[in-house]
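*Asks:* Quick check, what structure comes out for this input:
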Amino acid sequence: MPQRVIVVTGANSGIGFGMTRALLELGDRVAVLDIASDRLAELRVQHADRLRFINCDVTIRPQVEMAVDEILDAWQRIDILVNNACLALFCAYERRSLADTRREFEVNYFGYLNMIDAVLPQMKARHCGVIHNVSSSVGLSGFPGVSGYASTKGAIEALSRTLAMELARDGICVNLVHPPLTRTPSSAPLGVPSRFMADPLRVGARLARRIGSRASLVTPDALTWLGVVATRAFPDAMGRFLGERAARLVGGQGRVATPPPPG
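*Replies:* Here you go, the predicted structure:
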C-alpha cells in the first residue's frame, strides 16, 4: 500500500504535534503547515524523507496555495487534510474587541476554508480524499469567556456537515474531529490543574490512529465520543455544567481566570 500523504495545519505544538509524530511512526508522509517550527526540529532530522515543514499562515490565501502546490510537486497528491490550526482568546465578551473575534474567525474558520479550497481540486480529480476539521464541544454548547472561539467552532460544525453532503458525490469525506480538554499552549495560562486535562501527545497519538476515518465524528476515545453525543443532545445543560465545573477548578487554585473550553 502506498504511503498516505497527510497535511496537518498548526502542528508545531499541542495535539497537532502529537498527531504528526504518531503519523510519522505509522509510516505516513506528513506535510506540516505552521508559522513556527522549533518543536519539529528533531522530527525533521529523523524523518527527513517523510516530513515537510512549510512556513505558512493559513489566513493568507496565496501562502496556502503555494504550500499546497509545493506538496503536490513533491508527492503528487494529498490524501488527507487535517485542519487543526487554532486561535483561542480567553476573555469575557465585554472586554473583547471586534478585532479579536475577527482574528479568531480568520484562523479558525477562513483558514479552514483556504485549506479546503486549495486541496479540493486534486481530491475531486482523483475522486477520493478525507478532510478532517478539528472542532470543539463549545461550538455546540457555548462556554463562558470564549464567545469568539465558540462561535468559530459552531461555524465549523455547520460547514463540515454541509460539505459532507455536497462532496460525498465526489468521493470526498468531510467530518469533525473532537479532542477532549487538553494541556495545550492556549490553555496553559488559565490555571486549571493539569490532572484535569489530557496529555496532548497521547491525544494526538490516539487521533493519529483514526486519521482517514470516514465516520462523521472522530474522537480519540469512547469517553470523549460520549461527551460530544451528550452535548449534542443537551447543549444548554452541558454548557452550564461544564462552565460551572471549570470555574470551580480554577477557583480552587486561588486564581481568577476565565474558564477554559472543554476541548
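
*Asks:* Let's verify residue 203: helix, strand, or coil?
*Replies:* Under DSSP: H, G, I helix; E, B strand; the rest coil, the three-state class of residue 203 is helix.

*Asks:* Please list all residues in contact with it.
*Replies:* By C-beta atoms under 8 Å, 6 or more residues apart in numbering, the contact set of residue 203 is 15, 18, 179, 180, 182, 220. In this view, the C-beta of every residue, glycine as well, is placed from N, C-alpha and C.

*Asks:* Residue 199 now?
*Replies:* By C-beta under 8 Å, 6+ apart, residue 199 lies in contact with 182, 183.

*Asks:* so how far is residue 171 from it?
*Replies:* The spacing between residue 199 and residue 171, counted by C-beta to C-beta, to the nearest Å, is 35 Å.

*Asks:* again, but for residue 39
*Replies:* 34 Å.

*Asks:* Kindly report the same for residue 28.
*Replies:* Using C-beta to C-beta, residue 28 is found at 20 Å from residue 171.

*Asks:* Looking at those two, which is more packed in?
*Replies:* The neighbour count for residue 28 versus residue 171, taken as other C-beta atoms under 10 Å, is higher for residue 28 (21 against 12).

*Asks:* residues near the residue nearest to the more buried one when sequence neighbours are not counted, how many?
*Replies:* Using C-beta to C-beta, 6 or more residues apart in numbering and skipping residues adjacent in sequence, the residue nearest residue 28 is residue 4, 4.7 Å away. For residue 4, the count of nearby residues is 19 (other C-beta under 10 Å).
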